[in-house]
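S.K.: Could you look at this predicted model? Sequence included:
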Amino acid sequence: MKISRQAQREAKQLFQACHVEGNLSNEKVRETVKLLMEKKPRDYVAVISHLHRLVKLDVQRRMVDVQSAVALSDSQQKQVKENLTKLYGNNLSYSFTENAELLGGMRVKVGSDVYDGSIRTRLTKLEESF
């Protein structure tokens, strides 16, 4: 569905209004959608659709998936969290998982950014270079 520029602009303004102290507020998003559904302004379906997309992207940007070949100790997890907080700010949601296929090292995914320091990737790149 093609969304008009006006609907995109309105959704972006509403999205920015849903932030409290720089963080997206679930309660404000709910109130905004509820108000749009009650008032039903022109092109409200497109506005809600684009607002949904913006919220989804914001949530994905805050998701951190850390995969390592072996389980990370608490101090290692804390160090990873501190480093990522410096780069991406607060309010990140972390998921630490063990993935033996990596052979060693770790792979960190923050939103659409991927930092891959695994042995498996290095071996694959080395193999491709031959």
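M.R.: Sure thing, it's come through.
S.K.: need the helix or strand of the chain with the lowest average pLDDT.
M.R.: strand 23-24 (a mean of 86; mean pLDDT, DSSP states H and E).
S.K.: Which elements pack onto that one?
M.R.: helix 44-61 (3 or more Cβ pairs under 8 Å, 6 or more residues apart in numbering; DSSP states H and E). Glycine gets a C-beta too; all of them are placed from N, C-alpha and C.
S.K.: just to revisit the earlier point, now do the least confident helix or strand of the chain: everything it contacts.
M.R.: Cys18, Val55, Asp58, Val59, Asn90, Asn91 (Cβ atoms under 8 Å, 6 or more residues apart in numbering).
S.K.: Over to stretch 60-69?
M.R.: Against stretch 60-69 from outside (Cβ under 8 Å, 6+ apart): 72, 77, 80, 84, 88, 91-100, 102-112, 118-119.
S.K.: for stretch 122-130, same thing?
M.R.: Contacts of stretch 122-130 (Cβ under 8 Å, 6+ apart): Leu103, Gly105.
S.K.: how about stretch 45-59: buried residues?
M.R.: By neighbour count on 16 or more other Cβ atoms under 10 Å, the buried set for stretch 45-59 is Ala46, Val47, Ile48, His50, Leu51, Leu54, Val55, Asp58.
S.K.: For the closest residue to the first one other than its chain neighbours, give me phi and psi.
M.R.: It refers to Ala46. Distance criterion Cβ to Cβ, 6 or more residues apart in numbering; nearest residue to Ala46, sequence neighbours excluded, is Ala7 at 3.9 Å. Phi and psi for Ala7, reported as degrees, to the nearest 10, are phi -60, psi -40.
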